[in-house]
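Engineer: Pasting a predicted model and its sequence here:
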Amino acid sequence: MTGPYLIAGNWKMNGLNSSLAVLEETARSCERMDGDVEVVMFLPATLLAVSSIVIKDTKLQLGGQDCSSERSGAFTGEISAEMLKDAGARFVMIGHSERRLRHAEGDDLVRQKAIQAIEVGLTALICIGESGQEKAEGKTLAVLSSQLTYSVPRVSSIDQIVIAYEPTWVTGTCVTPTLDEIAHVHRHIRSELLAHWGDSGQQIRILYGGSVQPSNAAEILAIAEVGGLLVGGASLDAKQFSAICEHGRSVRAAA
Ligand code: PGA
């Protein structure tokens, strides 16, 4: 995959105003990234507006962690894609496994949310991934094919779509699939994207997510179809996250 890597951090339900120093430090280290690495931090919605001021004029971009499948109206407690954009987000994450599993979000809802995001001009980072049981039953590729078919809207603006492969049995643990498994799955996702979009499917970035650390980032990024990383726990620590971004820069430089 050519073009800059996308290194995405996901703070999940962590972060208060007192955490903004971490974001500032991350933004400072992003200034070294040249054109080889793009960085986006997916923050709690409560921090987006203030963060966009704190990191103004830096290369760090911001994302929301979820959005409503509706445009606006009587949906108490929901946050629309347009609101996220208004607060300074350029991206929104959709269909993270914690939303799919803990909030029973299915592929249709994920697709509707992605449509909302794309319509307001955000880039939708759509997460897919198999459970431990599905993997044990040999269903990984079938599950991913189905999620790609039903979660990803068939829009022409593919520059507003990023896919994140995050096996749910890995998230928040210290294990990852083997490098061969990651390579195999990413090749499969690429072939599905090509089947759905023709040659332009080549331009959609596929990120790997799950237990990414400074110690494994370089070897994962070196896999042919890996276009970046989705980093949870390690994104809460500016030094660890910056080290992961630096690996992106050196892997690109060595390519
Ligand atoms: P992790 O989480 O890096 O802590 O495994 C990744 C994620 O769920 O986004």
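Structural biologist: Cool, the structure landed. Numbering: from 1, shown residues only.

Engineer: going forward, measure contacts between C-alpha atoms and count neighbours the same way
Structural biologist: OK.

Engineer: Name the residues that touch stretch 176-193?
Structural biologist: For stretch 176-193, the surrounding residues in contact (Cα atoms under 8 Å, 6 or more residues apart in numbering) are 141, 144-145, 148, 165, 170, 201-202, 204, 206, 208, 210-212, 219-220, 223-226.

Engineer: Would you mind trimming the residues you listed to those in range of the ligand?
Structural biologist: 210-212 (Cα under 6 Å from any ligand atom).

Engineer: Top of those residues by number of neighbours, please.
Structural biologist: When neighbours are counted by other Cα atoms under 10 Å, V212 leads those with 27 neighbours.

Engineer: Surely it touches A234?
Structural biologist: Yes - V212 is within contact range of A234, at 7.3 Å (criterion: Cα atoms under 8 Å).

Engineer: Relative to the ligand, how far out is A183?
Structural biologist: Distance, A183 to the ligand, by Cα to the nearest ligand atom, to the nearest Å: 18 Å.

Engineer: Three-state assignment for that residue, please.
Structural biologist: Assigned with DSSP: H, G, I helix; E, B strand; the rest coil, A183 falls in the helix class.

Engineer: Tell me the predicted confidence for it.
Structural biologist: pLDDT recorded at A183 is 98.

Engineer: Any idea how many residues pack against it?
Structural biologist: Quick note: A183 (other Cα under 10 Å) scores 19 neighbours.

Engineer: same thing with H103?
Structural biologist: Neighbour number of H103 under other Cα under 10 Å is 10.

Engineer: With F91 instead?
Structural biologist: Counted with other Cα under 10 Å, F91 comes out at 28.

Engineer: surely it meets G64?
Structural biologist: Yes - counting by Cα under 8 Å, F91 touches G64, with 6.4 Å between them.
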